[in-house]
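Trainee: what shape does this take:
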Amino acid sequence: MGGVTLESLQHVAIAVAEERSLDAILHTLVQGLLNPGASGGAGAGGGSEGFALIRVWLMGPGDICEVCPMREECADRSRCLHLVASAGRSLKGKEDWSRLTGDFRRIPLNARKVGHIGATGASVLIPDLESEQRWKPRADWVARESIRSFAGHPLVFRGEILGVLGVFSRTVLDNTMFDWLKIFANQAAVSLANARAFAEIERLREQLELENSYLREEVKSALSPSDMVGKSPALQRVLQQIELVAPTDASVLVLGESGTGKELIARRLHERSLRRHRPLIKVNCASIPRELFESEFFGHVKGAFTGAVRDRAGRFQAADGGTLFLDEIGENPFELQGKLLRAIQEGQFERVGEDKARRVDVRIIAATNRDLEHEIAHDRFRRDLYYRLSVFPIQLPPLRERIEDIPELAAHFIKMASARIKVPAAVLSAQHLDSLKQYAWPGNIRELQNVIERAVILARGGPLPLDLSGPLSASTIGRQRVKAHLPEPEEGVVTDSELRQRERRNLLAALTRTRWKIYGPDGAAALLGLKPTTLASRMKALGIERPGAEP
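Mentor: The predicted model follows:
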């Protein structure tokens with residue numbers, strides 16, 4: 001018939017089989033049937049002879065049911081046929097027959113001839129469309145474009161109907177050509193199934209590479225997911241909350257001061273969840289530059305920006321099926337929080353430089369030491385993002401509220417540090433423990449760990465050199481060890497103005513270190529050795545106001 005021969009179909013089938021990606025296969029398929037001569041066959045298709053329009057529909061979920069022109073003919077809206085490839089030539093030369101929009105971009109199963117093929121797997125041949133009564137297409141289109149015949153075959157692989165190949169012809173399709181097209185459709189179905197398998201293999205390979213890359217950082221952690229040391233009532237309450245929420249997929253917001261062990265809580269939640277066999281991916285939001293936010297979270301494609309030399313998947317894709325831990329969530333810039341909210345809320349995102357939406361199944365655990373309600377009130381954090389994250393909030397107690405856990409924690413850190421540097425474990429005396437319990441620990445568990453580890457390193461297996469006469473902060477210990485080597489400062493006289501400037505700088509330094517908290521054992525007043533009321537009076541006298549305070 002016309003320019004389409006068995007030989008030309010064979011050449012098109014070979015060209016289709018050589019492709020690996022789904023898009024390339026579909027393009028080669030429809031263009032090859034439209035222009036069989038370009039694939040090495042005799043003659044050329046199209047024009048006033050040969051195939052006029054070739055289309056491929058693949059099985060997909062019901063996604064546009066509310067606006068679909070054929071929704072009234074759809075009995076089962078869970079799935080339908082999606083138009084994924086189209087090629088043809090209009091005699092008028094004005095219509096674009098390669099577009100994937102229009103009334104037939106979705107065809108319900110069992111609706112019309114294409115839907116019948118997709119639902120039953122039965123091929124359909126209509127040699128003369130003008131005399132057809134059951135499945136006759138639009139009469140004006142048939143007459144205007146001189147369409148004579150239609151042939152449709154299911155694309156079947158191992159008993160599964162993948163889609164439908166439909167061909168409209170300006171010449172009469174006989175049974176011989178119909179049978180050739182069936183053989184071609186069967187071969188095309190194999191190529192489509194292979195493309196789907198190749199895509200899944202590539203996805204799994206990329207996922208494995210992502211997990212290996214991100215999880216290399218995780219194995220460096222000194223504490224295992226089960227290292228929740230302590231038996232205090234405050235800690236036990238937290239552990240009970242973890243046992244309640246861990247088996248669910250609810251988002252968890254872990255709140256607490258810096259150094260209280262928020263990452264350990266995230267690890268414990270993940271290890272006790274149904275996702276424990278998938279990765280826990282950690283993102284420190286404070287460490288991500290603003291300009292790399294989207295690339296870090298969502299990934300990018302090659303050439304999306306300067307330096308993007310290859311495709312890169314983001315943290316959301318790496319955590320697919322597992323848990324994404326957003327540490328320091330309060331540090332995310334306000335203008336970027338909307339993009340994060342959309343990805344969390346809809347479970348989909350686009351890589352930078354790519355217009356294809358990707359879907360992921362991720363459980364979110366977020367953590368912060370900030371007062372997010374205060375941040376919301378000052379327009380620094382989105383209220384809708386806060387509600388999305390805080391489905392189940394967990395408040396971690398500071399170490400000063402877990403005093404009874406200090407002996408067990410200290411012994412644990414001594415054992416860990418001694419094993420790491422390969423020295424005998426030292427023993428804490430009762431006097432040491434009393435002093436440890438009396439300190440306020442503004443840096444919480446992290447500060448205790450650092451102090452103990454530093455003392456173990458300095459002791460080298462001997463008595464722990466803890467100076468118990470003052471606070472055990474890192475700066476204090478450092479000063480105590482170098483104090484004997486520093487020359488005494490020369491005494492001099494300063495003016496009252498210089499003295500006030502020094503006092504102002506000192507107060508500002510203390511307020512900045514404590515995040516402008518005045519009251520409490522970890523406030524600026526305690527750090528300066530002043531009463532809170534005295535500090536407030538001095539701030540007023542020196543004209544010191546908290547940045548962003550209301551006038």
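Trainee: what comes up buried for stretch 274-283?
Mentor: Across stretch 274-283, burial judged by 16 or more other Cβ atoms under 10 Å covers Arg275, Arg278, Pro279, Leu280, Ile281, Lys282, Val283. Bear in mind the C-beta positions are built from the backbone N, C-alpha and C, glycine included.
Trainee: can you check stretch 91-100 too?
Mentor: By neighbour count with 16+ other Cβ under 10 Å, stretch 91-100 contains the buried residues Trp97.
Trainee: residues in contact with that stretch?
Mentor: 48, 53, 83-90, 144-146 (Cβ atoms under 8 Å, 6 or more residues apart in numbering).
Trainee: and the residue nearest the centre of the chain, how far is that from Phe392?
Mentor: Nearest to the mean C-alpha position of the chain, counting by Cα atoms, centre = their mean, stands Phe316 at 1.3 Å. In this view, Phe316 and Phe392 are 21 Å apart by Cβ to Cβ, to the nearest Å.
Trainee: so what does the host helix or strand of Gly115 touch, helix or strand wise?
Mentor: Assigned by DSSP states H and E, Gly115 belongs to helix 112-120. Based on contacts counted as 3 or more Cβ pairs under 8 Å, 6 or more residues apart in numbering; DSSP states H and E, the elements that helix 112-120 packs against are strand 51-61, strand 79-88, strand 106-107, strand 124-126, strand 149-157, strand 160-169.
Trainee: the longest one vs strand 149-157, what angle?
Mentor: Pointing back at strand 51-61 there. Using axes from the mean of the first three to the mean of the last three Cα atoms, to 10 degrees, the direction of strand 51-61 lies 40 degrees away from that of strand 149-157.
Trainee: helices or strands up against strand 51-61?
Mentor: Strand 51-61 packs on helix 22-34, strand 79-88, helix 112-120, strand 160-169, going by 3+ Cβ pairs under 8 Å, 6+ apart.
Trainee: now with 6 Å?
Mentor: Where contact means 3 or more Cβ pairs under 6 Å, 6 or more residues apart in numbering; DSSP states H and E, strand 51-61 is packed against helix 22-34, strand 79-88, strand 160-169.
Trainee: how about a markdown table for these, with mean pLDDT, mean neighbour count and distance to Thr533 added?
Mentor: Listed next are the helices and strands packed on strand 51-61 as a markdown table, based on pLDDT from 0 to 100; neighbours: other Cβ atoms under 10 Å; distance: least, Cβ to Cβ, whole Å:
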| stretch | mean pLDDT | mean neighbour count | distance to Thr533 |
| --- | --- | --- | --- |
| helix 22-34 | 91 | 21 | 72 |
| strand 79-88 | 93 | 21 | 71 |
| strand 160-169 | 95 | 23 | 77 |
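Trainee: wait, doesn't Glu132 sit right on Leu125?
Mentor: No - assessed by Cβ atoms under 6 Å, Glu132 is found out of contact with Leu125, at 10.6 Å.
Trainee: quick one: the helices in the stretch 301-450 of the chain?
Mentor: For the stretch 301-450 of the chain, the helices defined by DSSP state H, counting those that start in this stretch cover 315-318, 334-346, 372-377, 383-389, 406-421, 430-438, 444-459.
Trainee: circling back: mind pulling up the pLDDT for the residue nearest to the centre of the chain?
Mentor: Note on Phe316: pLDDT of 91.
Trainee: check the one 4 residues further on too.
Mentor: As predicted, Asp320 sits at a pLDDT of 91.
Trainee: what number of residues lie near it?
Mentor: By the criterion of other Cβ atoms under 10 Å, Asp320 has 21 neighbours.
Trainee: number of nearby residues for the residue lying closest to Glu545 once chain neighbours are set aside?
Mentor: In this structure, Glu545 finds its nearest non-sequential neighbour in Met539, 7.7 Å apart by Cβ to Cβ, 6 or more residues apart in numbering. A count of nearby residues for Met539, using other Cβ under 10 Å, gives 18.
Trainee: and Ala510, by the same measure?
Mentor: Quick note: Ala510 (other Cβ under 10 Å) scores 19 neighbours.
Trainee: show me which helix or strand of the protein is least confident by mean pLDDT.
Mentor: helix 474-482 (a mean of 39; mean pLDDT, DSSP states H and E).
Trainee: in the stretch 401-550 of the chain, where is pLDDT below threshold?
Mentor: For the stretch 401-550 of the chain, applying pLDDT under 70 flags the ranges 467-494, 548-550.
Trainee: okay, now Leu58: neighbour count?
Mentor: The local packing of Leu58 (other Cβ under 10 Å) involves 19 other residues.
Trainee: next one: the nearest residue in space to Pro333 that is not next to it in sequence from Val254, what distance?
Mentor: Excluding the flanking residues, the one nearest Pro333 by Cβ to Cβ, 6+ apart is Arg290, at 5.6 Å. Separation of Arg290 from Val254 (Cβ to Cβ): 24 Å.
Trainee: more neighbours: which of those two?
Mentor: The residue with more neighbours, out of Arg290 and Val254, is Val254; 30 against 10, by other Cβ under 10 Å.
Trainee: please name the residues that touch that one.
Mentor: Neighbouring residues of Val254 by Cβ atoms under 6 Å, 6 or more residues apart in numbering: Lys262, Ile265, Ala367, Ile394.
Trainee: can you confirm it is in a strand?
Mentor: Yes - assessed by DSSP: H, G, I helix; E, B strand; the rest coil, Val254 belongs to a strand.
Trainee: what's the burial count for the nearest residue to it once chain neighbours are set aside?
Mentor: Excluding its sequence neighbours, the residue lying closest to Val254 (Cβ to Cβ, 6+ apart) is Ala367, at 4.1 Å. Using other Cβ under 10 Å, the number of residues around Ala367 comes to 27.
Trainee: any idea how far Ala367 is from Pro393?
Mentor: Taken as Cβ to Cβ, the span from Ala367 to Pro393 is 11 Å.
Trainee: one more: Arg79?
Mentor: With Cβ to Cβ as the criterion, Arg79 and Pro393 are 39 Å apart.
Trainee: do Leu81 as well
Mentor: As judged by Cβ to Cβ, Leu81 and Pro393 stand 46 Å apart.
Trainee: just Leu508 next, same as before
Mentor: Counting by Cβ to Cβ, the gap from Leu508 to Pro393 is 33 Å.
Trainee: Asp128 now?
Mentor: From Asp128 to Pro393 the distance is 70 Å (Cβ to Cβ).
Trainee: more neighbours, the two?
Mentor: Between Asp128 and Pro393, counting by other Cβ under 10 Å, Pro393 is the more crowded of the two (16 against 11).
Trainee: end-to-end on stretch 250-270?
Mentor: 12 Å (Cα to Cα, to the nearest Å).
Trainee: now swap in stretch 72-84 and tell me
Mentor: Start-to-end, stretch 72-84 (Cα to Cα) is 22 Å.
Trainee: gap between that stretch and the chain center?
Mentor: Between the centre of stretch 72-84 and the centre of its host chain there is 30 Å, according to Cα atoms, centre = their mean, to the nearest Å.
Trainee: and if you look at stretch 258-268?
Mentor: Chain-centre distance of stretch 258-268: 20 Å, with Cα atoms, centre = their mean.
Trainee: go on, stretch 404-411?
Mentor: Its chain's C-alpha centre and that of stretch 404-411 lie 37 Å apart, by Cα atoms, centre = their mean.
Trainee: kindly report the same for stretch 398-411.
Mentor: How far stretch 398-411 lies from its chain's middle: 36 Å, per Cα atoms, centre = their mean.
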